[in-house]
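The amino acid sequence is not available; the structure is as follows:
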């Protein structure tokens, strides 16, 4: 019937299916408070366009800061960010005629200066996540003020010994990268 439908809380476990359906049906939109996987929002915007993505906080069940950070720290233009934060919802709800769009803050929230991340992936998972090298991981750590992280290799699911070797090679020479040891 051409009625806009919004898929709420899409997650990395179903983002592939959501994108496929959104590419077929232009009246489908995605709300992204649970889409915290590295570069997942950028992939969604690249495939279906920022005009079909909406911010949602997930409050009160989820911390609002997490949902804000998904959008704030994504590699997007300010126009796309403004559309996701307010413009798209205002357009869908036809609020533009009665309410002015809120101004986008000129800068993202301040990140903590010392972060230790215990949940970083290495390798290709069976989900639509980008393959990120150890060097790219180190660069992302610096960008987000993360001092150290602990990697878990995707191979640990299939071959613990090879996964341990893979992660050992990845962390060599990178003091900011630590690794989980997988045992079967």
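Received the coordinates, thanks. What you are looking at is a predicted structure, and each value in this text was computed from that prediction instead of being measured.

so where's the chain uncertain?
Flagging of the chain using pLDDT under 70 yields the residue ranges 106, 156.

now the helices: where do they sit in it?
Using DSSP state H, the helices of the chain run over residues 15-24, 40-48, 64-72, 78-82, 88-92, 134-143, 160-171.

Identify each buried residue in the last one, please.
If you call a residue buried by 16 or more other C-beta atoms under 10 Å, then helix 160-171 has these buried ones: 163, 164, 166, 167, 170, 171. No exception for glycine: its C-beta is placed from N, CA and C like everyone else's.

what helices or strands is it leaning on?
Helices and strands touching helix 160-171, by 3 or more C-beta pairs under 8 Å, 6 or more residues apart in numbering; DSSP states H and E, are strand 115-122, strand 146-153, strand 177-179.

just to revisit the earlier point, which stretch among the helices of the chain is buried most, on average?
Comparing these by mean neighbour count (mean count of other C-beta atoms under 10 Å), helix 40-48 ranks first with a mean of 19.

one step back: so can I have a markdown table of the helices and strands packed on helix 160-171 showing mean neighbour count and distance to residue 51?
Output for the helices and strands packed on helix 160-171, formatted as a markdown table (neighbours: other C-beta atoms under 10 Å; distance: least, C-beta to C-beta, whole Å):
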| stretch | mean neighbour count | distance to residue 51 |
| --- | --- | --- |
| strand 115-122 | 15 | 30 |
| strand 146-153 | 19 | 32 |
| strand 177-179 | 19 | 38 |
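
Residue 47: which of these is closest?
With C-beta to C-beta as the criterion, residue 47 lies closest to strand 115-122 of the helices and strands packed on helix 160-171, at 21.2 Å.

Quick one: distance of the closest one to the chain centre.
14 Å (C-alpha atoms, centre = their mean, to the nearest Å).

Likewise for stretch 76-94?
Using C-alpha atoms, centre = their mean, the offset of stretch 76-94 from its chain centre is 17 Å.
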